[in-house]
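Engineer: Sharing a model that was predicted from the sequence below.
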Amino acid sequence: MKLTIATVTFFIVSASALRQFDSSKIDFSNELSVVNYFKRTIDDLSESIKEDGWDIFYVEKKVINYTLPVPVIFSTMYLVQDFLSHGLSNIVVNKASYNTDSSSLSFDIELPFVAAKLGAGKIETTYFGTTFKMIASGSVAIPHIRFVGQFGINVNPPISIKSSKVNFTMAGIVSDVKFKIQDDDYSDMINEMLFINLPAKLKEFSNELNELFGILSKDYINDYLKAGKN
């Protein structure tokens, strides 16, 4: 569940780079005008993710060390090597339509395939003479992250979103993660959690998640609209 919320939060943060909203560019009495503006905004979001370096995102090697003047009391080292993620900018608009009578925009957007791979990750911490080690590697992939919903729009200036309904689904999680703490191997447990437990939780709390996505999308879009030429 945290993974899903983090993904949505990422898109909200990334969307801060979108061009300023300009209501003069939209004719709310024309379906095609509204749909085209929506599609251009999605394209802008996709480009901003790529321009900000989030897709493709690669870390060849990153090491962070922190040590007290007396290392036996506390010292720690973090290593990330050969980390690669891709797919976040490939946002596909499967369908979009606008009803001029109800001033509602319906949409179906999808990320076909998002994946991340870690060559090597390590945390080694010494605390009062005892050393703890954690190592990780492997890959995670999420196919078909999909958002289907509808925005109710107040077309009388200032333009705003009066309602937002979002239905989130995904095809599952494919994982091949290797994870050890000290000499204990937790790989099977982590893969089971990602492949079975997390999708089950997402399904169990789908109504609550969809409610949350509706609230987040409405609040963010209204902030975006207020900041523009409305």
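Structural biologist: Ah, there it is. None of these values were measured; they are calculated from a predicted model.
Engineer: Going along the chain, name the strands of this structure.
Structural biologist: Here the chain has its strands, by DSSP state E, at 57-67, 74-86, 92-99, 104-127, 130-154, 160-169, 174-181, 184-185.
Engineer: Does anything pack onto the third one? Which helices or strands?
Structural biologist: Pointing back at strand 92-99 there. When contacts are defined as 3 or more Cβ pairs under 8 Å, 6 or more residues apart in numbering; DSSP states H and E, strand 92-99 sits against helix 31-51, strand 104-127. Backbone N, C-alpha and C define where each C-beta goes, glycine included.
Engineer: that older thread, mind putting the strands of the chain into a markdown table with mean neighbour count?
Structural biologist: Below are the strands of the chain laid out as a markdown table (neighbours: other Cβ atoms under 10 Å):
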| stretch | mean neighbour count |
| --- | --- |
| strand 57-67 | 11 |
| strand 74-86 | 16 |
| strand 92-99 | 15 |
| strand 104-127 | 17 |
| strand 130-154 | 17 |
| strand 160-169 | 17 |
| strand 174-181 | 16 |
| strand 184-185 | 10 |
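Engineer: right, and the ones you listed - which one's nearest residue 20?
Structural biologist: Among the strands of the chain, the nearest to residue 20 by Cβ to Cβ is strand 160-169 (15.9 Å).
Engineer: can you list the helices and strands packed on strand 92-99 in JSON lines and add mean pLDDT and distance to residue 146?
Structural biologist: Output for these, formatted as JSON lines (pLDDT from 0 to 100; distance: least, Cβ to Cβ, whole Å):
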{"stretch": "helix 31-51", "mean pLDDT": "92", "distance to residue 146": "14"}
{"stretch": "strand 104-127", "mean pLDDT": "97", "distance to residue 146": "5"}
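Engineer: returning to what we had before: for the strands of the chain, which one sits closest to residue 211?
Structural biologist: Smallest distance to residue 211 across the strands of the chain (Cβ to Cβ): 8.7 Å, for strand 160-169.
Engineer: what does that closest one rub up against?
Structural biologist: Contact with strand 160-169 is made by 4, 144-154, 202, 206, 209-210, 213-215, 217-218, 221-222, 225-226, as judged by Cβ atoms under 8 Å, 6 or more residues apart in numbering.
Engineer: Thank you kindly, that will do.
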